[in-house]
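Visitor: Build me a model:
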Amino acid sequence: METYGHYINGEWIQSEEWIPVYHKYSGEEFARIGKADRAMVSRAIENAETTFKTKKLSEVERYNILMKAAELFKERREELANILVYEAGKVMKDAAAEIDRGIQTFIASAEEAKRIVGKGIPLNLGGGENKIAFTVRVPVGVVAAITPFNFPFNLTAHKIGPAIAAGNTVVLKPTKVTPIIACKMVDILTEAGLPAGFLNLVNGSGSETGEYLLEDERINMYTFTGSPAIGKHLKSKTGIRKVALELGNNSPNIVHKDAPDVEQAAELCATRGFSNAGQACISVQRIYVHEDIAEKFIEKVVSTTESLKVGNPEDPSTDVGPMISESEAKRADQWIQEAVEQGAKIAVGGKREGSVLQPTVLTNVTSTMKVVCEEVFAPVISILIYNDIDEAFAQANDSNMGLQVGLFTSNIGLAMRAAQELQFGGVIINNVSTYRTDVMPYGGVKDSGVGKEGPHYAVEEMTDERLVVIDL
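Guide: Numbering: from 1, shown residues only. Coordinates of the predicted model:
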């Protein structure tokens with residue numbers, strides 16, 4: 001059984017207390033991690049702060065380290081994918097895809113290390129004579145990276161890669177339910193040449209270890225992915241320090257009557273809504289379909305859902321595996337039953353065995369049901385029928401969250417109107433809300449967060465702009 005304590009100043013330190021890590025399908029313990037107390041967290045931060053003040057890596061050194069890490073990740077792709085299957089419950093095809101995406105995130109981060117530039121500032125008003133001005137971008141300092149369970153490799157890459165590329169030092173705290181992949185990432189980055197002190201890791205629970213991170217004012221920036229409730233708590237504790245928060249969503253997708261291919265849209269909504277057991281911030285959740293095409297659309301969603309193989313994630317043919325825990329599966333099941341009691345109909349699915357919830361499609365739902373108005377974060381899709389596009393836009397916007405939205409239409413005018421009127425960080429035309437390529441700016445509005453991910457944009461978040469004025 002693998003055990004990981006805490007990684008500080010280039011070495012693993014054993015812990016006095018241990019937390020079990022379970023296989024998400026079998027429920028068996030397969031690894032253990034340490035539980036960092038306040039003193040251990042302080043030690044990690046102190047080392048990161050000292051390293052930032054006393055050591056520097058050039059842009060080329062950062063590039064070489066991140067590229068070497070990407071090469072090593074590629075060599076160990078199968079090993080890393082298996083870890084995701086065990087600790088996150090990902091089906092094999094999704095686990096391998098996540099490792100591939102994480103590799104690309106590191107490569108993109110490496111490239112950004114060579115592109116950190118300022119800009120010239122014209123001083124063409126009174127008082128600017130005989131002066132030249134420009135900006136430079138400088139690292140913020142110590143970055144605390146707090147990562148979630150649903151994409152524990154790639155979302156950690158989205159925080160660690162840009163932070164290192166920007167010249168910062170990092171204290172990483174992975175979630176306690178999927179921490180092993182982050183520990184492996186630290187080992188591989190060390191092997192790739194990252195010097196001691198630039199990346200420290202503390203394991204533990206969010207309620208204790210995470211709180212110690214929030215209370216320490218030596219941290220200059222926090223980058224966090226998780227729920228809106230925890231994001232708001234983090235913001236309330238960290239004052240005016242920089243934050244990048246990628247929080248939740250109850251992603252709407254609108255399928256208009258002029259969709260280029262209704263059946264393809266239905267297939268995309270089903271497969272992307274149920275990938276990773278629906279546990280993605282941008283997973284398809286609520287679908288607004290025009291009444292003229294509703295019957296055809298629903299039939300295809302149901303048939304696609306019925307074709308998915310559900311069960312053991314270690315079986316390469318499995319499409320949908322377990323949720324992160326039985327308690328989360330029970331919670332989602334309760335939401336389904338509550339919706340049914342309120343009048344919803346189960347078109348397919350609606351059954352649970354342990355942590356495995358069958359992919360579920362609900363019809364006859366209303367906007368006040370939890371499965372529609374809150375973030376379900378489970379393999380549950382709700383379909384609502386509309387007859388007026390203004391109504392669909394209004395319902396899509398009727399949420400305290402706004403990460404991404406999908407719209408299927410052949411009308412370029414409607415697409416451009418959506419870009420202006422739909423209140424989301426990303427408007428995806430003729431694809432689902434789940435679409436993401438790792439170099440694009442990714443982040444939401446309202447309770448879905450602040451700041452942007454994507455290596456180029458994250459590097460900007462993780463640097464400060466400094467003005468330089470020279471009197472000639």
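Visitor: what's the distance between the most centrally placed residue in the chain and residue 328?
Guide: With distances taken as Cα atoms, centre = their mean, residue 155 lies nearest the centre of the chain, 5.1 Å away. Distance of residue 155 to residue 328, given as Cβ to Cβ, to the nearest Å: 18 Å. Where C-beta positions appear, they are placed from N, C-alpha and C, glycine not excepted.
Visitor: C-terminal to the longest helix anywhere in the chain, what's the next element?
Guide: For the chain, the longest helix by residue count, based on DSSP state H, is helix 92-113. Downstream of helix 92-113, the first helix or strand assigned by DSSP states H and E is strand 120-121.
Visitor: Now do the helices in the stretch 101-250 of the chain.
Guide: 154-165, 180-191, 211-215, 228-238 (DSSP state H, counting those that start in this stretch).
Visitor: Which positions within stretch 256-266 qualify as buried?
Guide: In terms of neighbour count (16 or more other Cβ atoms under 10 Å), stretch 256-266 has its buried residues at 256-257, 259, 262-263, 265-266.
Visitor: Would you confirm that residue 256 contacts residue 408?
Guide: Yes. Counting by Cβ atoms under 8 Å, residue 256 touches residue 408, with 6.2 Å between them.
Visitor: Could you pull up the residues touching residue 215?
Guide: Going by Cβ atoms under 8 Å, 6 or more residues apart in numbering, residue 215 touches residue 237.
Visitor: how close does the nearest residue to residue 469 once chain neighbours are set aside sit to residue 460?
Guide: The shortest distance from residue 469 to any non-neighbouring residue, by Cβ to Cβ, 6 or more residues apart in numbering, is to residue 133 (4.6 Å). Residue 133 is 20 Å from residue 460, where distance means Cβ to Cβ.
Visitor: the more surrounded of the two?
Guide: residue 460 (19 against 14; other Cβ atoms under 10 Å).
Visitor: Give me the pLDDT for the more buried one.
Guide: Residue 460 carries a pLDDT value of 98.
Visitor: could you say which helix or strand contains it?
Guide: Going by DSSP H and E, residue 460 is part of helix 455-461.
Visitor: Return the list of helices and strands in contact with that helix.
Guide: Using 3 or more Cβ pairs under 8 Å, 6 or more residues apart in numbering; DSSP states H and E, the elements in contact with helix 455-461 are helix 92-113, helix 154-165, strand 221-225, strand 242-246.
Visitor: For residue 192, what are phi and psi?
Guide: Torsion angles at residue 192 (phi, psi; degrees, to the nearest 10) stand at phi -80, psi -10.
Visitor: That one contacts residue 73, doesn't it?
Guide: No. With contact defined as Cβ under 8 Å, residue 192 does not reach residue 73; the gap is 9.2 Å.
Visitor: Please say which of these two ends up with more neighbours.
Guide: A count of neighbours by other Cβ under 10 Å puts residue 73 above the other of residue 192 and residue 73, at 25 against 18.
Visitor: tilt between the longest helix of the chain and helix 180-191?
Guide: Counting by axes from the mean of the first three to the mean of the last three Cα atoms, to 10 degrees, helix 92-113 lies at 40 degrees to helix 180-191.
Visitor: For helix 92-113, output the C-alpha coordinates as CSV.
Guide: Taking Å, rounded to 0.1, in the frame of the first residue of the first chain, the C-alpha atoms of helix 92-113 are listed here in CSV:
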residue,chain,number,x,y,z
MET,A,92,-10.3,3.8,-18.4
LYS,A,93,-11.0,5.8,-21.6
ASP,A,94,-11.7,9.0,-19.5
ALA,A,95,-8.7,8.5,-17.3
ALA,A,96,-6.4,8.1,-20.3
ALA,A,97,-7.9,11.2,-21.9
GLU,A,98,-7.4,13.2,-18.8
ILE,A,99,-3.7,12.3,-18.6
ASP,A,100,-3.3,13.3,-22.3
ARG,A,101,-5.0,16.6,-21.6
GLY,A,102,-2.8,17.2,-18.6
ILE,A,103,0.3,16.6,-20.7
GLN,A,104,-0.9,19.3,-23.2
THR,A,105,-1.6,21.7,-20.3
PHE,A,106,2.0,21.3,-19.1
ILE,A,107,3.3,21.8,-22.7
ALA,A,108,1.2,24.9,-23.1
SER,A,109,2.4,26.2,-19.7
ALA,A,110,6.0,25.6,-20.7
GLU,A,111,5.4,27.7,-23.9
GLU,A,112,3.9,30.5,-21.8
ALA,A,113,7.1,30.7,-19.7
